[in-house]
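# model the following, please.
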Amino acid sequence: MIFIIPIVPLTSEAVLKTLGILDDFSKRYQMAINATINILSEHAVEMVSSIIFDRTRDGIEKAHVLKEAILEELKRHGISLMRLDLDSQNDTNLFTQKSYRDLLVKLKHTFDPNNIIAPGRYVPPA
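The predicted model follows:
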């Protein structure tokens, strides 16, 4: 499985739009995508979405192409992600808001000034 975890406002419009994106790509690529909706607060939900694929060379490649297409579509709709997979963690295109990117880098440097916790992961390059 490959996980994508978008964060969306806790409104029916936002949740249905995001589910629609996942459903559209699932049908287009003929790959199952499961989603679990977890309420985080009165303002937001996380949608833990898993792409199910065969662990064959073709299955893995197709799943990664699907993941990239979904990430691009979510970004196009202004939908942020809770967590990134290892392949996407340093993709600066996913950190489109400079203030958000800068805050992540500041937090990382504050809590890990010597860069010993998961170096090169979880935040984009400064």
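
# low pLDDT regions in the protein?
When residues are selected by pLDDT under 70, those of the chain lie in 83-97, 122, 124-126.

# what about the strands in it?
Using DSSP state E, the strands assigned to the chain run over residues 2-9, 33-39, 44-51, 80-83.

# chain center to the last one: distance?
This points to strand 80-83. On the basis of C-alpha atoms, centre = their mean, to the nearest Å, strand 80-83 sits 5 Å off its chain's mean C-alpha point.

# parallel or antiparallel, which strands does it pair with?
When pairing is defined by DSSP bridges, strand 80-83 lines up against strand 2-9 (antiparallel).

# now the second one
Sheet pairing of strand 33-39 (DSSP bridges) gives strand 44-51 (antiparallel).

# could I get the strands of the chain as CSV with distance to Ile60?
(Each C-beta comes from the backbone N, C-alpha and C, glycine too.) Written out in CSV, the entries for the strands of the chain read as follows (distance: least, C-beta to C-beta, whole Å):
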stretch, distance to Ile60
strand 2-9, 9
strand 33-39, 16
strand 44-51, 11
strand 80-83, 20
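
# with respect to Leu74, which of the ones you listed lies nearest?
strand 2-9 (5.6 Å; C-beta to C-beta).

# which residues does the residue with the largest distance to the centre of the chain contact?
Distance from the centre of the chain peaks at Asn114, with 27.0 Å (C-alpha atoms, centre = their mean). Taking C-beta atoms under 8 Å, 6 or more residues apart in numbering, we find Asn114 in contact with no residue.

# save the strands of the chain as CSV, and put in mean neighbour count and distance to Leu71 too.
Converted to CSV, the strands of the chain look like this (neighbours: other C-beta atoms under 10 Å; distance: least, C-beta to C-beta, whole Å):
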stretch, mean neighbour count, distance to Leu71
strand 2-9, 19, 7
strand 33-39, 14, 13
strand 44-51, 19, 11
strand 80-83, 16, 8
